[in-house]
Each structure stands twice: as C-alpha cells, then as structure tokens.
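> Any chance you can model this:
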Amino acid sequence: MKIVITGGAGYIGSHVVLAALDRGYDVTVFDDLSTANKENINPKTKFIEGSVNLKDDLSNLFINDRYDAVIHLAASKASGESMLNPKKYTYNNIIGSLNILMSCIDNDIKYFIFSSSAAVYGNPRYVPIDEFHPLIPSNYYGYTKLSTENSLEWFSKIHGIKYASLRYFNAAGFDIDKRITGKEKNTENLIPLIMEVAKGRKPFIPIYGNDYKTKDGTGIRDYVHVSDLAIAHISSLEYLIKHSKNLILNLGSEAGFSVLEIIERTKSILKMDIPYKVMERRVGDVAKIVSSCSQAEDIIRWEKKHSGLDTLIKSTWQIYNKKT
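The predicted model follows:
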C-alpha cells in the first residue's frame with residue numbers, strides 16, 4: 001500500500017514514517033522543510049519537497065503516482081502563536097488542510113489520517129477528557145483543528161473518504177533507538193525548551209502563569225511519547241481499511257504533570273540546575289488538561305509503551321546531548 005505523509009520530515013511526521021516503514025508500507029514524504037530537519041528524511045522513502053499551500057506542489061505530488069492513503073501532519077502547532085498570528089494559522093492549518101483534502105478527493109484517495117489536537121476541547125468541563133467532551137476551543141489553533149475535523153466529516157458524507165481524527169495531547173520524547181536525530185526548529189514545546197536551557201542555548205524556561213488552580217500554580221498537561229503516537233496513526237489506518245468506519249480518538253498518557261514538576265524531574269535526572277522565570281499567562285491557555293484514551297485502547301488496541309515521564313525526558317536528552 002502506498003501512503004503520503006505530509007510533514008513527514010518533521011518531528012512527529014518522521015516518527016510516523018518510521019512506524020509506517022516498520023509495518024511495510026510504501027511511503028512518500030511531502031514536506032516544505034520550513035520547520036523540519038533534512039536529516040530526518042528517511043532514505044527508505046520517496047521525498048517530494050512541497051507545500052500544501054501551493055497547488056502546483058500538490059499537483060506535482062499526485063501527477064506521477066497513485067496513493068491509497070494520506071496521513072496529514074503539515075501544520076503550525078503553537079497555541080500561543082496562533083493568538084498572535086492567526087493569519088499564519090488560517091493559511092497553514094485551515095486552507096492547507098482543505099487543499100490536501102480536495103486533492104485527495106480529486107485523486108481518489110480512500111483514507112485520510114488527520115493530526116488533530118486536544119485543543120479542540122478548550123477549557124475542560126471535566127477531566128480526564130474523553131471524546132464526548134464539548135468542543136469549544138479556547139485558542140485559534142484549536143479552532144483550526146476543529147474546522148478541519150468538521151470539513152472531514154462533510155467530505156466523508158459527500159465523497160465517501162474514510163478518516164481518522166487523532167486528537168493529540170502533548171507529544172514528547174524521541175525514538176528510543178535514536179533513529180530520529182534531527183531536532184525541531186523553533187520549538188515551543190516544554191521538554192525540548194528545557195533541554196535547550198540545559199545545554200546553555202537559552203537562559204531560562206519561561207513559565208506562563210503560576211496562579212492557576214493547580215497543586216503548584218503552574219499549568220498541568222498530558223504528555224505522550226511520539227513513538228506511541230506514531231503507531232496509533234498506522235493502527236488507525238489499518239482500522240479504516242478493515243472496518244471502513246471513521247474514527248475520532250484521543251491520544252495521551254492519561255497522566256498530568258505541571259510545568260514545575262517536569263522541570264524538577266528533569267533537574268533530578270540530568271543532575272543540573274534548570275533556571276526558569278515566571279511570565280504572564282498567555283491568552284488561550286488552560287489550567288489543566290488530561291486525557292482519557294479508553295477509546296483508542298479498545299478500538300485500535302493502542303498501548304502507551306513509552307509514555308512514562310522519565311522515558312520522555314531521557315529519550316529527548318539523548319538527542320539534545322549528542323555530540324555534533
């Protein structure tokens with residue numbers, strides 16, 4: 001089976017590529033390399049450089065080959081940035097997703113796996129959050145993901161394409177076997193930022209708010225290992241192929257850690273100080289968000305093999321601390 005992975009040279013995308021190759025798929029990576037790292041382009045794949053925002057690039061992707069499925073991960077993903085630059089998120093996340101989706105329809109693609117987000121839920125009404133929680137995004141990033149989910153639902157009804165919307169919580173960690181070594185450009189994710197501080201590349205960790213109603217005042221998030229996420233994409237695709245039913249699944253660890261807890265645990269593991277500075281809250285941030293993943297566990301038999309906090313930290317440090 002031939003699949004396209006948009007954003008397949010990126011942090012999450014390169015891990016999804018590994019999972020697909022491990023299961024024997026013929027993979028084409030489509031990426032504009034704006035945030036990706038060239039060293040993450042797997043030599044076992046066909047690579048086509050291009051953007052989902054450029055119709056000529058999409059035409060080039062589909063002109064010489066036929067594919068069975070698309071896994072779409074090419075998008076911007078920083079909640080805070082989306083509130084400062086919504087135009088960027090409109091182009092990259094809404095318009096770009098519609099472009100690739102319409103190309104799928106035009107080229108008779110049967111299956112579509114979408115990289116969605118827990119940000120579609122907004123400020124939790126209850127935790128842990130399951131897939132039946134109200135969808136009221138509190139930032140523009142979450143809105144862009146929900147917009148694409150809604151379009152997928154309609155395109156499935158009208159055109160028959162089968163899809164899985166995978167609502168990630170916070171992806172972290174790196175491939176345990178060090179097969180992915182390229183770091184993400186300009187990341188705003190907490191654990192990589194901690195590593196940048198530990199390596200002396202940044203002066204401190206910014207903590208956006210310490211007055212939330214949590215145990216230490218800092219925001220609590222659910223962190224899931226990127227390799228566990230990656231396997232869920234392939235298992236979801238195989239479910240669509242076998243059952244021809246759409247999927248909406250949460251993907252998280254079902255555990256919540258505060259910003260300060262992760263800093264303190266990293267300090268303990270690395271045996272070094274990690275300076276931080278408390279900043280003002282960011283618009284759109286929530287106090288606590290933790291997943292319920294029973295649907296993924298029951299439907300696609302998903303397992304969280306690597307999502308313990310120590311593994312997340314250690315597998316990230318082994319990449320950031322490598323000799324270059």
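> Contacts for the one helix or strand residue 318 maps to, please.
Element membership of residue 318, judged by DSSP states H and E, is helix 309-320. Defining contact as CB atoms under 8 Å, 6 or more residues apart in numbering, one finds that helix 309-320 is touched by 172-176, 178, 180-181, 183, 191-192, 195-196, 198-199, 223, 225, 255, 257, 262, 265-266, 269-270, 306. C-beta: built from backbone N, CA, C; applies to glycine.
> Please spell out which residues along that helix are buried.
309, 311, 312, 313, 314, 315, 316, 317, 319, 320 (16 or more other CB atoms under 10 Å).
> Please apply the same query to stretch 16-31.
Here stretch 16-31 shows 16, 17, 18, 19, 20, 21, 25, 27, 28, 29, 30, 31 as buried, counting by 16+ other CB under 10 Å.
> Distance-wise, check the closest residue to the last one other than its chain neighbours relative to residue 34.
Spatially, and ignoring its direct neighbours in sequence, residue 31 is nearest to residue 9 (4.1 Å; CB to CB, 6 or more residues apart in numbering). Going from residue 9 to residue 34 by CB to CB, to the nearest Å gives 10 Å.
> hang on, the earlier thing: quick check: phi and psi on the residue nearest to residue 31?
phi -100, psi 0 (degrees, to the nearest 10).
> and it, what does it touch?
Per CB under 8 Å, 6+ apart, neighbours of residue 9: 29, 31, 33, 36, 37, 38, 40, 41, 47.
> next one: residue 121
For residue 121, the contacting residues are 129, 133, 134, 135, 136, 137, 142, 167, 289, by CB under 8 Å, 6+ apart.
> Could you single out the nearest of the buried residues of helix 309-320 to residue 247?
Taking CB to CB as the measure, residue 312 is the one of the buried residues of helix 309-320 closest to residue 247, at 25.1 Å.
> same question for the longest helix that the chain contains, mean pLDDT?
The longest helix of the chain (DSSP state H) is helix 140-159. Average pLDDT, helix 140-159: 98.
> Stretch 83-99 now?
97.
> tell me which residues in that stretch are buried?
Of the residues in stretch 83-99, 83, 86, 89, 90, 91, 92, 93, 94, 96, 97, 99 count as buried by neighbour count, 16+ other CB under 10 Å.
> Put the alpha carbons of that stretch into CSV.
The C-alpha trace of stretch 83-99 is given here as CSV (Å, rounded to 0.1, in the frame of the first residue of the first chain):
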residue,chain,number,x,y,z
MET,A,83,-3.4,34.1,19.1
LEU,A,84,-0.7,36.4,17.9
ASN,A,85,-0.6,35.4,14.2
PRO,A,86,-4.0,33.9,13.3
LYS,A,87,-3.4,34.6,9.6
LYS,A,88,-0.5,32.2,9.5
TYR,A,89,-2.7,29.5,11.1
THR,A,90,-5.5,30.2,8.7
TYR,A,91,-3.2,29.6,5.7
ASN,A,92,-1.3,26.6,7.1
ASN,A,93,-3.9,24.8,9.1
ILE,A,94,-7.3,25.6,7.5
ILE,A,95,-6.5,26.4,3.9
GLY,A,96,-3.6,24.0,3.7
SER,A,97,-5.7,21.1,5.1
LEU,A,98,-8.5,21.8,2.7
ASN,A,99,-6.1,21.9,-0.2
